[in-house]
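Chemist: here are the coordinates; sequence isn't available:
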């Protein structure tokens, strides 16, 4: 990759076909280039579209044999596996590089909130990846009250180029309790998205966090205390 071709490397970066040196060079360029940052948002839909087409058999249905005898279907399997392997590594790079356009990408903030009737959906505009997965702001809200603990949780998720941003509202936690929010992927991996100290008098709190996982890759959100006890879980 050379400086004269930086602008055409956006798609290659998103698809994960650059080598490590090219990835580093492109991310350095991306942090300074608004044009490429804008292009990155447009190209972010490509991996999802390819995965969807691959899962539905669209690519393999039209894949035959190459003149050299190599199976196109076998090559598609290799490319698909490599794309999945690279996606997680590239997600953190996308989040950091896209900061030229987004003031806050992966963020964790906590505010004490008064009673509200509904959890407002974050105002972030859905990215092309969200559209590709039929994910809208109205369709990405979860709400559940645990019958045992009485803790109520509401989550609104918004797709981003770097993953998913979420807004969580929690009610009913006993005061001065340290809590944490976990996200579990469909592959079974659990990650801590953030932690906070519950205020006194079971006051509701609003908590903002982000994950590199896309909404369709998430199986469940869990709120638990410092002892590891689940206060409320919100499965998708």
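Modeler: Sure, I can see it. Note that the structure is predicted; figures quoted are calculated from it, not measured.
Chemist: Next secondary structure after the helix-or-strand element of the chain with minimal mean pLDDT?
Modeler: For the chain, using mean pLDDT, DSSP states H and E, the weakest element among its helices and strands is helix 128-132, scoring a mean of 39. Once the chain leaves helix 128-132, the next helix or strand it forms, by DSSP states H and E, is strand 141-145.
Chemist: So which elements touch that following strand?
Modeler: If contacts are counted by 3 or more C-beta pairs under 8 Å, 6 or more residues apart in numbering; DSSP states H and E, strand 141-145 sits against strand 152-160, strand 230-235. Any C-beta I mention is one placed from the backbone N, CA and C, and that applies to glycine too.
Chemist: now with 6 Å?
Modeler: For strand 141-145, the contact count by 3 or more C-beta pairs under 6 Å, 6 or more residues apart in numbering; DSSP states H and E identifies strand 152-160 as packing neighbours.
Chemist: what pLDDT, on average, does the strand it packs on get?
Modeler: Averaging pLDDT along strand 152-160 gives 92.
Chemist: For residue 230, which residues count as its bridge partners?
Modeler: Counting by DSSP bridges, residue 230 is bridged to residue 224.
Chemist: same question, residue 185
Modeler: Under the criterion used here (DSSP bridges), residue 185 is bridged to residue 218.
Chemist: If I look at it, what pLDDT would I see?
Modeler: Taking residue 185 on its own, its pLDDT is 94.
Chemist: Pretty sure it sits against residue 217.
Modeler: Yes: with contact defined as C-beta atoms under 6 Å, residue 185 reaches residue 217; the gap is 5.4 Å.
Chemist: Might you report the residue contacts of residue 141?
Modeler: Taking C-beta atoms under 6 Å, 6 or more residues apart in numbering, we find residue 141 in contact with residue 156.
Chemist: Against residue 33, how distant is it?
Modeler: From residue 141 across to residue 33, the span is 35 Å (C-beta to C-beta, to the nearest Å).
Chemist: got it, and residue 156?
Modeler: 32 Å.
Chemist: And residue 10, by the same measure?
Modeler: According to C-beta to C-beta, residue 10 and residue 33 sit 10 Å apart.
Chemist: Those two: which has the busier surroundings?
Modeler: residue 10 (24 against 18; other C-beta atoms under 10 Å).
Chemist: Name the helix or strand for the more buried one, please.
Modeler: Going by DSSP H and E, residue 10 is part of helix 10-15.
Chemist: Helix, strand, or coil at the spatially closest residue to residue 193 that is not a sequence neighbour?
Modeler: In space, and not counting its chain neighbours, residue 193 is closest to residue 209: 4.1 Å by C-beta to C-beta, 6 or more residues apart in numbering. Of the three states, residue 209 takes strand under DSSP: H, G, I helix; E, B strand; the rest coil.
Chemist: wait, residue 209 sits on residue 192?
Modeler: No: taking contacts as C-beta under 6 Å, residue 209 lies outside contact range of residue 192: 9.5 Å.
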